[in-house]
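Chemist: Make a model of this:
(chains A and B)
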Amino acid sequence: DTGVSQDPRHKITKRGQNVTFRCDPISEHNRLYWYRQTLGQGPEFLTYFQNEAQLEKSRLLSDRFSAERPKGSFSTLEIQRTEQGDSAMYLCASSLDLSGAEGELFFGEGSRLTVL
Amino acid sequence: KNQVEQSPQSLIILEGKNCTLQCNYTVSPFSNLRWYKQDTGRGPVSLTIMTFSENTKSNGRYTATLDADTKQSSLHITASQLSDSASYICVVSEFLGGFKTIFGAGTRLFVKA
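Modeler: So this is what the prediction gives:
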């Protein structure tokens, strides 16, 4: 499978615990995005990377959230001290952007987080 | 404020019927508009992408239109099938030094037998 893969697909945790999600983008894609989606809403932008550089972070990304893409390949999204309001689907997407032209976004299947 | 609004919020149709979903946006400067299909519990999958100069684009039974003057787009689904039941999300990109994508809340389509 050469698409975007996310792991785990589902995570149930207790409030206050830390969780980490992993995203493996399409191998040649230079951009990687994280989104959060709650029921009945469209995805909300969290952050994105151009290769290993994190270029933009949404104000939705509180201090409890941190994302990394250490080698410009896979990325991790960590949520510390989870709260019930963090319950959502976390989507990863990747694209190949060349010379200022925006590439098509390819999404993973998402990681669904439930905080009890 | 750049926004993307979709209507209706949800729609129920009978299998075999056609339907049209609407997307209005206030994003400027406009770069492109995309429609995605998202099955329940899955990631969105791209259906069409249109730039400023394109008025219509088809992908099988899906046809998207774009009126950049009125900032409106529609997604027409022909001869609906049960598998068309999903959320359809309109996404508009602006370019202001860099690209930024703005997602609509989606239209939830239910196709009934």
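Chemist: any weak-confidence spans in the chain?
Modeler: With no chain named, the answer covers chain A. Applying pLDDT under 70 to chain A picks out residues A:1, A:99-102.
Chemist: think we crossed wires, I meant chain B
Modeler: B:1-2, B:96-99.
Chemist: Please repeat the previous calculation with a cut-off of 80.
Modeler: Judged by pLDDT under 80, chain B has its weakly predicted residues at B:1-2, B:95-100.
Chemist: Quote the end-to-end distance of stretch A:68-77.
Modeler: 7 Å (CA to CA, to the nearest Å).
Chemist: List the contacts of it.
Modeler: A:20-25, A:27, A:30, A:32, A:34, A:46, A:49, A:51-52, A:54, A:65-67, A:78, A:90, A:92 (CB atoms under 8 Å, 6 or more residues apart in numbering or on different chains). For every residue, glycine as well, the C-beta is placed using N, CA and C.
Chemist: Buried among these? Make that a ChimeraX selection.
Modeler: Only the buried entries of these go into this ChimeraX selection, using 16 or more other CB atoms under 10 Å in any protein chain shown:
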select /A:21,23,24,25,30,32,34,46,49,54,65,66,67,90,92
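Chemist: now, which of the contacts of stretch A:68-77 lie within strands?
Modeler: Here DSSP state E is the test, and the contacts of stretch A:68-77 give A:20-24, A:32, A:34, A:46, A:49, A:54, A:65-67, A:78, A:90, A:92 as lying in strands.
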